[in-house]
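In: Let me see the structure of the following:
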Amino acid sequence: MVGWISGPDSDSRPHDRKVSTMQRSVEPVVRHAYYLVTKCSHPAARFCMAAGRPVNKKVLNLEFSIMQPICSRHFLWQFSVMVLAVFGVTVAWAGGHKVVFPPVEIPVDADVQAGVTATLLETAKRWNSQDYGTLLELWDSQDAFPTYLAEEQAQWFVGKDRLRGYLDPPRPNPVVEAIREEFSGIQVKQIAPDLAIAIWYMHFEMKTIASNPIGEDVRVSAVLRNTDDGWKYIHWAESPKTAMVYIEGLFEKDVEPGWDEFYEEAQKNRKEVARRKREALRAQ
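Out: So this is what the prediction gives:
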């Protein structure tokens, strides 16, 4: 990303004037965050600042201009993301990311659809059996380098040994007491005579020792190869929602029933209040 924030007393150079669209959007937010931290000590703003070094007027001077770097790009990026997360100024926080369109129908051979779907449903069944090692049977044994990305892992698993170490370790994880998965919205796209991509939604639930069960909705994609023994995985990737979107969803779930009716009435009341205020101003 090109661009950064600088102070007013910095020397300007030609390349310093190259600023990104993101930076132009961040500037007013940074100003507001600075005001909250220095004037109001707003806890949400203080939380933002935890992403970088302590904030002072030298870094976030109210008179700053977007010209010369006085803080690292890494710090600016961290700070910008945290500010946007809390104050919700991106298009996503305006609600655009919540628009759900009808699924697009993907033309695919019925046998391919049925075969891939059968493998996916068998996958959920084996997770729910708690015998996770049997999941390896659903992977192509002839593929020397299967790839697997689990949402909770820091890196990709590449190769049979890494995959086996994750799904069928010598000693089962004593912390995990139960896992339940449910797949829905399965779509299949054939990309070669023996290859297909599958995308779907996975509802995941887990219970660990001394804790309540937790649940999560995850997007998943996989590549499968058609073998003599059916469709087998060669690639798997889990795509959870970002923390910002996920937390927003939790807040939305806390809204009590009857909100829509209340909202309509509230809008009418707001208009009436505004009308009375306008009349009062005219009467002065």
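In: Would you map the strands across the chain?
Out: In the chain, the strands defined using DSSP state E lie at 147-149, 157-158, 176-192, 195-208, 214-227, 230-240.
In: Indicate which one of those strands is closest to Y132.
Out: Minimum separation from Y132 across the strands of the chain (C-beta to C-beta) falls at strand 176-192, 7.8 Å. The C-beta positions use only the backbone N, C-alpha and C, and glycine is treated the same way.
In: Sheet-wise, list the partners of that closest one with their directions.
Out: strand 195-208 (antiparallel) (DSSP bridges).
In: CA atoms only: put the strand it pairs with into CSV for me.
Out: Coordinates of the C-alpha atoms in strand 195-208 are reproduced here as CSV (Å, rounded to 0.1, in the frame of the first residue of the first chain):
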residue,chain,number,x,y,z
LEU,A,195,-11.3,-32.5,-11.4
ALA,A,196,-14.0,-30.4,-9.6
ILE,A,197,-14.2,-27.5,-7.2
ALA,A,198,-16.8,-27.6,-4.4
ILE,A,199,-17.9,-24.6,-2.3
TRP,A,200,-20.2,-24.8,0.7
TYR,A,201,-21.1,-23.5,4.1
MET,A,202,-20.1,-25.4,7.2
HIS,A,203,-21.7,-25.0,10.6
PHE,A,204,-19.1,-26.1,13.2
GLU,A,205,-19.7,-26.9,16.8
MET,A,206,-17.1,-28.0,19.4
LYS,A,207,-17.0,-28.8,23.1
THR,A,208,-13.7,-28.7,25.0
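In: Tell me which stretches of the chain form helices.
Out: Per DSSP state H, the chain carries helices over the ranges 21-35, 43-49, 73-87, 110-128, 160-167, 243-253, 259-283.
In: Can you tell me which of the ones you listed has the worst average pLDDT?
Out: With a mean of 42, helix 43-49 has the lowest mean pLDDT of the helices of the chain.
In: Got the domain ranges for the protein?
Out: Using automatic domain parsing, the domains assigned to the chain come out as 14-93, 110-243, 258-283.
In: What ranges in the stretch 51-200 of the chain fall below the confidence cut-off?
Out: 51-96 (pLDDT under 70).
In: Look at E152 and say how many residues are nearby.
Out: 7 (other C-beta atoms under 10 Å).
In: And for the one 5 residues further on?
Out: Residue crowding around F157 was assessed by other C-beta under 10 Å; the count is 19.
In: That one: what's its closest spatial neighbour, skipping adjacent residues?
Out: Y148 (4.3 Å; C-beta to C-beta, 6 or more residues apart in numbering).
In: same thing with Y166?
Out: F157 (5.6 Å).
In: Please apply the same query to S221.
Out: Per C-beta to C-beta, 6+ apart, closest to S221 is I199, 4.8 Å.
In: For that neighbour, give me its contacts.
Out: 185-187, 189, 219-221 (C-beta atoms under 8 Å, 6 or more residues apart in numbering).
In: Equivalent analysis for G159, please.
Out: G159 neighbours (C-beta under 8 Å, 6+ apart): 144-146.
In: go on, S221?
Out: 197-200, 236-237, 239.
In: Now which of these would you call buried?
Out: 197-200, 236-237 (16 or more other C-beta atoms under 10 Å).
In: Just the terminal-to-terminal distance for stretch 138-155.
Out: Stretch 138-155 has an end-to-end distance of 22 Å (C-alpha to C-alpha, to the nearest Å).
In: Buried residues, it. List them.
Out: Quick answer for stretch 138-155 (16+ other C-beta under 10 Å): 138-140, 143, 146-149.
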